[in-house]
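1. attaching a predicted model along with its sequence, questions to come.
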Amino acid sequence: MTDKVPNLVHINNVDKVFKRGSEEIHVLGGLDLEIPEGEFLALMGPSGSGKSTLLNLIGGLDRPSQGSVEVGGEQVGQLSDRRLAAWRARHVGLVFQFYNLMPVLTAQKNVELPLLLTHLSRSERKKRAAIALDIVGLSHRKNHFPRTLSGGEQQRVGIARAIVTDPTLLLCDEPTGDLDRKSGDEILDLLQALNREQGKTIVMVTHDIHAAARASRTLYLNKGQLSTEPVD
């Protein structure tokens with residue numbers, strides 16, 4: 001009999017309401033979710049269903065209007081802004097659809113950016129960035145600027161930047177949405193390797209059934225609620 005894998009993320013009765021003037025927009029309502037350590041979870045659903053909002057709540061980029069978000073034993077929504085920023089820098093790696101690389105910096109320097117928030121020396125930052133680029137297979141492109149890299153290579157740099165701090169949680173918002181199928185498959189191969197070989201817990205928002213099939217579990221978000229089956 002194997003021991004049950006502990007949950008890394010606990011979301012309990014979470015509501016999220018945005019205000020637009022006098023109007024209240026309810027995006028999530030009474031949502032519950034548990035994510036075990038080492039899981040690769042895909043979140044699907046129609047545009048505007050709250051997928052990115054949920055991702056932002058898990059990553060401490062936003063706070064719930066009601067309910068609790070706990071990650072690794074930390075009540076994320078209750079942290080002060082300063083403590084939240086420090087927690088996020090240590091525990092969360094973010095991968096974006098459009099890479100968000102600094103065009104004036106080389107791949108190496110882009111990967112080093114999150115380490116500037118640490119007390120590491122310059123040589124240690126350089127060493128860790130080199131390791132992250134090696135993991136994503138881009139050591140040979142470390143001195144190249146984003147404009148000289150393909151879309152797939154830029155996303156690999158984005159993933160290297162996300163993992164350079166050895167985060168607890170990797171959050172990916174449409175990581176293949178701006179890539180052709182071949183490049184997208186290479187990124188999905190990389191995410192699966194990070195999950196299976198390094199035990200990274202990954203939450204991926206996607207519209208692509210092909211991408212979601214790479215995850216170990218898929219949940220569907222619609223009208224502020226999660227289900228295991230797509231909603232027509």
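-> That came through, no problem.

2. surely Pro103 and Thr148 touch.
-> No - at 10.5 Å, Pro103 does not count as touching Thr148 under the criterion of C-beta atoms under 8 Å. For glycine as for every other residue, the C-beta is placed from the backbone atoms N, C-alpha and C.

3. look at those two and report which has more neighbours.
-> Thr148 (12 against 8; other C-beta atoms under 10 Å).

4. where along this protein do the strands fall?
-> With strands called from DSSP state E, the chain shows them at 7-20, 23-36, 40-44, 66-71, 74-75, 92-95, 169-173, 201-205, 217-222, 225-227.

5. to His144, which of those lies closest?
-> strand 92-95 (19.4 Å; C-beta to C-beta).

6. and the residue nearest the centre of the protein?
-> Leu171 (0.9 Å; C-alpha atoms, centre = their mean).

7. show me what it is bridged to.
-> Counting by DSSP bridges, Leu171 is bridged to Leu94, Val203.

8. that one and Gly93 touch, don't they?
-> Yes - between Leu171 and Gly93 a contact is recorded at 7.0 Å, counting by C-beta under 8 Å.

9. okay, buried residues for the longest helix that the chain contains please.
-> Assignment by DSSP state H gives helix 181-198 as the longest helix of the chain. Buried residues in helix 181-198, counted by 16 or more other C-beta atoms under 10 Å: Ser183, Gly184, Asp185, Glu186, Ile187, Leu188, Leu190, Leu191, Leu194, Asn195.

10. against Ala193, how distant is the fifth one?
-> Right, Ile187. Separation of Ile187 from Ala193 (C-beta to C-beta, to the nearest Å): 11 Å.

11. again, but for the second one
-> If you measure Gly184 against Ala193 using C-beta to C-beta, the figure is 15 Å.

12. next one: Leu179 from Leu105, what distance?
-> 21 Å.
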